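Asker: need coordinates for the following:
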Amino acid sequence: MPHGRNSTDESPGMKITAIETVPIRRRALLLRLKTDDGIVGFGEPMNYEHGRVVAQAVADMADYLVGRDPLQIEDHWQVLYRSTYSRQMPILVSALSGIEMAMWDVAGKALGVPVWKLLGGSVRNRIRMYASIGGKTPEDFAEQARGRVAQGFTAVKMTPVLEAARFVETPGTIDAIVERVAAVREAVGDGVDVAVDLHRRVSPTTAILLLGELEALKPVFVEEPCHSETTESLLRVSRSTRIPIATGERHLTRWGFREVIEREAVSILQPDIRHVGGISEMRRVAAMAEVHSLALAPHNAAGAIGVAASIQAMASVPNFLMCEGGDTLGDGLFDTPLVLQDGFVELPTDPGLGFSISDEAIEEMSDPTFRQRSMWRLTEDDSYADS
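Answerer: Presented below is the predicted three-dimensional model:
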């Protein structure tokens, strides 16, 4: 790991003493950054099926960071990102994202203010959240949607593609997918936003067929209608429909988003703070998107720390739409979970990322189980399909 002007011998003030990771429930990886002042910062790198590899990447970066000033956030980010041989490596950017969050948490706690105040203050006083719903039948989806609305949510997201899809799907399959979405729209009415996540399970061709049928149901957006690696495919899908198209949970850093933003391939970007590069990088992506009149709806499908960090980042982002993670507000982990009211979470006023976590809660929530992602296969010929 490189050494620069900020050497351990020269760093004044507070110093990092240790960086640790603990796998916890909801396929999350908790990161704990300790300092010699006794302040502990928390972050959440991407986990999923490669959590053990990400944890090792965090340990490698800790070799460079221990003994250095945790408030030198930007300098540490630049060194750790730019010194790698291939900068767009998801494992490394995920590790860096969790570390960056934890350094912001330390900074806020050291100065006695929430992180959003260090980012220039807020442009809103609360953050709109949405929750996910699931099921097998249209009735299942409708029941869950009504339950979420009863909890106070004004937006829900569903994944209606329940099995491996052909490149061009049959009319029967298309109708079954649309029926699930229609059941949710009927259950919640037009006063609730319904987002549809195709989870890149279908081809661009099938996505276009689906979007034509879904337009009448007025989804707030359709997420990942196809693989996001090819901007041309996203453009083709976006230009085929009046429904806003969203993508971005698999993109890394502002450089990973650049082409999608510049070509306006989608209407809504969904960076995940756990591997886009952290709080500062998510805000840079938002600023790039703002120039092109694109909105942000951050992705959060794991732990509560990532949700809390996204809330801090979105407080000062003008082009924010809504945030995923309404069902991950810190219950069982945070000493005081975030509170949902009328579909929103109030901006935290506690220092740092706005929560505290006890060692006992971490121990109770720890979950070292390794889960490998299962493959989907078409039943008709056993060929691989995206899940």
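
Asker: ok, now how distant is Arg25 from Met365?
Answerer: Look at Arg25 and Met365: by Cβ to Cβ, to the nearest Å, they are 5 Å apart. Any C-beta I mention is one placed from the backbone N, CA and C, and that applies to glycine too.

Asker: same check, this time on Phe355
Answerer: Distance from Phe355 to Met365, by Cβ to Cβ: 13 Å.

Asker: before we move on, what about Glu100?
Answerer: 22 Å.

Asker: same thing with Leu65?
Answerer: 25 Å.

Asker: follow-up on the earlier one: higher neighbour count, Arg25 and Met365?
Answerer: A side-by-side neighbour count of Arg25 and Met365, using other Cβ atoms under 10 Å, places Met365 first with 19 against 14.

Asker: excluding chain neighbours, give the residue nearest to the more buried one in space.
Answerer: Closest residue to Met365 apart from its sequence neighbours, by Cβ to Cβ, 6 or more residues apart in numbering: Ile24 at 4.3 Å.

Asker: how many neighbouring residues does that neighbour have?
Answerer: 26.

Asker: make residue 1 into 30 and carry on from there
Answerer: That works, and once the first residue is 30, the last one we named lands at Ile53.

Asker: would you mark the buried spots in stretch 104-123?
Answerer: Of the residues in stretch 104-123, His105, Trp106, Val108, Leu109, Tyr110, Pro119, Ile120, Leu121, Val122, Ser123 count as buried by neighbour count, 16 or more other Cβ atoms under 10 Å.

Asker: tell me which element the last one is part of?
Answerer: So the one you mean is Ser123. Assessed by DSSP states H and E, Ser123 sits inside helix 119-140.

Asker: so which elements touch the following helix or strand past that helix?
Answerer: Note on helix 119-140: by DSSP H and E, the next helix or strand toward the C-terminus is helix 144-147. For helix 144-147, the elements it packs on are helix 119-140, helix 333-343, judged by 3 or more Cβ pairs under 8 Å, 6 or more residues apart in numbering; DSSP states H and E.

Asker: CSV for those helices, including distance to Gly80 and mean pLDDT?
Answerer: Listed next are the helices and strands packed on helix 144-147 as CSV, based on distance: least, Cβ to Cβ, whole Å; pLDDT from 0 to 100:
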stretch, distance to Gly80, mean pLDDT
helix 119-140, 9, 97
helix 333-343, 13, 98
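
Asker: buried deepest among the ones you listed, which one?
Answerer: helix 333-343 (a mean of 29; mean count of other Cβ atoms under 10 Å).

Asker: quick one: residues contacting Ala131.
Answerer: By Cβ atoms under 8 Å, 6 or more residues apart in numbering, the contact set of Ala131 is Ile48, Leu60, Arg61, Leu62, Gly70, Phe71, Gly72, Pro99.

Asker: do you know how far the first one is from Met130?
Answerer: When you say that, I think you mean Ile48. 12 Å.

Asker: intersection of neighbour lists for the two?
Answerer: Common neighbours of Ile48 and Met130 (Cβ under 8 Å, 6+ apart) are Leu60.
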